[in-house]
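Participant: Pasting a predicted model and its sequence here:
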Amino acid sequence: MDDYGIGCSNNSDGSELETLQRLHQEKVTRIHELKRQIESVKLRLEEKKKKKKEIPDDRKQAFKNLSEKYNSLREEYKALLAERSRGK
């Protein structure tokens, strides 16, 4: 055995080496594919971020109003649940 725990028999060295090379190549290919996907997602996020900055003020205000309404309803719901649980 060598330093890496791989047997050094002449018959199996070639096929073992080919297997290791194939596995290495598959991993390298996968790494390149993942890098490409990461870059693609990064670009899409940057585009969305730019578009988000371009949202008109009226849409921002509408979102703010809806968020406030949601928070108000959520607080009312929590209060009603708490009241109901105390009433039992």
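Facilitator: Received, thanks. Residues are numbered from 1 along each chain as shown.
Participant: Quick check: what element follows the helix of greatest length in the chain along the chain?
Facilitator: Ranked by number of residues, the top helix in the chain under DSSP state H is helix 10-53. Proceeding N to C from helix 10-53, the next assigned helix or strand is helix 57-87, under DSSP states H and E.
Participant: and the angle from that next one to helix 10-53?
Facilitator: 100 degrees (axes from the mean of the first three to the mean of the last three CA atoms, to 10 degrees).
Participant: mind listing what's buried in helix 57-87?
Facilitator: Buried residues in helix 57-87, counting neighbours by 16 or more other CB atoms under 10 Å, are absent. All C-beta atoms are positioned from the backbone trio N, CA, C, and that covers glycine.
Participant: for that helix, the distance to its chain's centre please.
Facilitator: 29 Å (CA atoms, centre = their mean, to the nearest Å).
Participant: just stretch 34-48 next, same as before
Facilitator: 11 Å.
Participant: before we move on, what about stretch 26-35?
Facilitator: Chain-centre distance of stretch 26-35: 17 Å, with CA atoms, centre = their mean.
Participant: Average pLDDT for that stretch, rounded please.
Facilitator: Stretch 26-35 carries an average pLDDT of 94.
Participant: Give the buried residues for it.
Facilitator: Buried residues in stretch 26-35 (16+ other CB under 10 Å): none.
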